[in-house]
Every structure is written in structure tokens, then in C-alpha cells.
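>>> Build me a model:
(one chain, ligands or ions: 2)
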Amino acid sequence: MPSDCLLEVKDLKVHFPTDDGLVKAVDGISFTVDRGQTLGVVGESGSGKSVTFMTIMGLINRKKAHVEGEVLFGGRDLLKMPEDELRKIRGNGMGMVFQDPMTSLHPYYKVGTQIAEAILTHRDMPKEEAHKKACEMLDVVGIPQPAERAKQYPHEYSGGMRQRAMIAMALSLNPDLLIADEPTTALDVTVQAQILELIGRLKEDFNVGVVLITHDLGVVHDVAQRVMVMYAGRAVEIGSRDEVFNNPLHPYAWGLLESIPHVDQKGTRLVPIEGLPPSLIFVPPGCPFHPRCPHRFEPCDKEIPAFIDRGGGHPEACHLPIEDKRRIYSEREAGRRSRKAAS
Ligand SMILES: Nc1ncnc2c1ncn2[C@@H]1O[C@H](COP(=O)(O)OP(=O)(O)OP(=O)(O)O)[C@@H](O)[C@H]1O
Ligand SMILES: [Mg+2]
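Ligands and ions are numbered 1, 2, ... in the order given. Next up, the predicted model:
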């Protein structure tokens, strides 16, 4: 593993047995996250984004899910670790922030107390010191008058402040990795921008690795250095932000990029991706995207494409030869430009 690699996930599978059948929520995903880097994770609803990272955090009930693969953090496989050691890592090594802070903040306890308690679960220190640290962290995340605010309950905070408090809690134990699962979806646009700015600043100041799960490609474009595109429980493309936005290789990524007004492409008419994501119980054979792919050909409905890097640190899973991809993508781009000119 390179020295700045914080997290390495190898062929992770998370399958849930249900009355309707086996839900293959995550089905063989591999990727890395580096220190000081933000990985943006995108994909339609139900593509397995949250389950992937909840599993990495150890928040999936292993009695109700079959989990396979490796999750290497600091060189150790978290999937093989006993629960008590894992609990230490979960607090110390990784922190997670969710879409709705009200689900993570307890309504009956003061915000400062909750952060202090989280610190005390993992650190042996006097209560007053933990409380002082909690106030410091509220200050770090930009909550004014932190000592006063620490004495308030979550409902006395605005949505943006609650999200800041969650980030303060996640960072209070100096984790190496911060996982943010749609941290700004519930917030208005101005507050969203402030929270993203905060996460970006904390990444620099604390040199943490950040995973940002979002539906907003504009956000990914603004804050991520690497991008992972997920489809049906797998990564279909991973690359640098510039590679994925300027030179996307997978037809699903083409569809995603065309379906969303890009920061630089205002005025372009939207072309939604036709069809629906597959059921994760009855995943289509071959490439799971083939029923929706306008470029499918002979092997696509039979053989699962391997997730491979054909050079440039930009792996993807698709049967199309690279020359065909370049041609098709430039034709699609030309089509988009002419639609834009006509609109
Ligand atoms: N405990 C569970 N039991 C059965 N199926 C589950 C369980 N948890 C998640 N799933 C299924 O796993 C799939 C992936 O869910 P996940 O929440 O990871 O999607 P997501 O990409 O985060 O979607 P969204 O963008 O809507 O948040 C979904 O089909 C979901 O219904
Ligand atoms: Mg989710």
C-alpha cells in the first residue's frame, strides 16, 4: 500500500438475505482513499453507496448480512477484527457524518455533553477536559460562542449548526478518515456551501481523508480530487476529478454527466438516463447496466466486465474497446453541444 493510502477496500460484498431473496447491495467493490484527499462517491439511489461505507464503519449488523472481502485500514483488515477493537477504530480512526444530524444527535442531551461523552468513550481524561475539547471543536467548526452553545440542546440549533456539531463530534477524536454521507442534502444552498467549505478546510488543516457521498455532481466537481461512480453495488468507474468529468469512460458516467446541468454547461437541456436502476435481488446478467446502455453489444448481456485500469489510474468496468469509447463520447458531446445551441 502506498504510504498516503489510508483505506484500501478489496472486493467488498454485502448481501442481505430477505424474504424476497438475496439483496446484493454491494457486490465486489474495490477502491482506495488517500490521506488529504476527498473521494466523491456518486450513483443513483439504491446503488449501494451508504451500505458500502456503513460496512466500512462497522455499522452494518453482521448477523443480518453476509459480508466478504477486505477493508484495510492502517494495514489491518477491519472485517476480521473483534468488535471491541473495531469500536476503538470507529471512534479514533474514522468518523461519519450523516444526512440528518437529528438521527445522530440525541434530542435529550446538551450538544456539548454529547460531544464530551463521545470523547470520553475513547479517551481516558477528566470530564472537564473532555468538555473543554468539545467546546474547542465547536469553535473549530465555526459555531459562535461555543461555550454557550455547548449548553444548548440540538433543537435549539439550526440545521446547518447541527451538521457542524456532527462534524465537530466526528472530528473530536482526530480521525484519519471522515465519511460524509450526503451531509448537505437537507440544508439550503448557502448553508450547503458553508458546510462543504468547512469540510474542505478541515481536510487541509487536519490532513484527513474525506469520503463525500452525494447526488450533486456540481458538489463533487467543486470539492473532490477523485470520483467513484457506483452502479448496482459496484464501482463502474474511478478516476481523478478531471479525468471523470472531462474524459469519462463508462456509458453510465456519460449518462449521469448528461443528466445533470454541469457547472460549466448551464443551458444544456437535460437528457435523463432512460430506464430504472435494477433490482439488487434480480441483477441483470452480464454488465448490470446493459439493459439501459445504448452502446451495448455482443458480450454485454452475458459477461460481467472486469473492473480494470487500461492506463492512467482510471479503472472502469465496460466491454467497449477504448477507441470506440473515445469516438462514441465525442459524438455524444457533439450532440450535446448542438442541443445546447438549439435551446
Ligand atoms: N438492512 C438491509 N436489508 C435489506 N436490504 C438493504 C438493507 N440496507 C440496505 N438495503 C438495500 O441495499 C441497497 C443499497 O442501499 P443504499 O442505502 O446503500 O443505497 P444508496 O446508494 O445509499 O442510495 P441513496 O442514494 O438513496 O442513499 C438498496 O436496494 C437497499 O434497499
Ligand atoms: Mg445512501
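
>>> What parts of the stretch 1-150 of the chain come near ligand 1?
Counting by CB under 6 Å from any ligand atom, the residues of the stretch 1-150 of the chain close to ligand 1 are 16, 18, 23, 25, 43, 45-51. In this view, the C-beta of every residue, glycine as well, is placed from N, C-alpha and C.

>>> will you turn the residues you listed into JSON lines that also has secondary structure?
Putting those into JSON lines (DSSP: H, G, I helix; E, B strand; the rest coil) gives the following:
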{"residue": "F16", "secondary structure": "strand"}
{"residue": "T18", "secondary structure": "strand"}
{"residue": "V23", "secondary structure": "strand"}
{"residue": "A25", "secondary structure": "strand"}
{"residue": "G43", "secondary structure": "coil"}
{"residue": "S45", "secondary structure": "coil"}
{"residue": "G46", "secondary structure": "coil"}
{"residue": "S47", "secondary structure": "coil"}
{"residue": "G48", "secondary structure": "coil"}
{"residue": "K49", "secondary structure": "helix"}
{"residue": "S50", "secondary structure": "helix"}
{"residue": "V51", "secondary structure": "helix"}
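
>>> what's near enough to touch the residue nearest to the spatial centre of the chain?
Most central in the chain under CA atoms, centre = their mean is I213, positioned 2.9 Å from the mean C-alpha point. Neighbouring residues of I213 by CB atoms under 8 Å, 6 or more residues apart in numbering: 41-42, 49-50, 53, 179-182.

>>> Which residues of the protein lie near ligand 2?
Residues of the chain found near ligand 2 (CB under 5 Å from the ion) are 49-50.

>>> If you rank every helix and strand of the chain by mean pLDDT, what lands last?
Least confident element among the helices and strands of the chain, by mean pLDDT, DSSP states H and E: helix 83-92 (a mean of 81).

>>> Show me the contacts of I213 that map onto helices.
Mapping those onto helices (DSSP state H) picks out 49-50, 53.

>>> now, which of these sits nearest ligand 2?
Checking the ones in helices among the contacts of I213 against ligand 2 with CB to the ion, the nearest one is S50 at 3.1 Å.

>>> about what we covered before: so what strands line up beside whichever helix or strand comes after the least confident helix or strand of the chain?
Next along the chain after helix 83-92, taking DSSP states H and E as the criterion, comes strand 94-97. For strand 94-97, the paired strands and their directions (DSSP bridges) are strand 177-181 (parallel).
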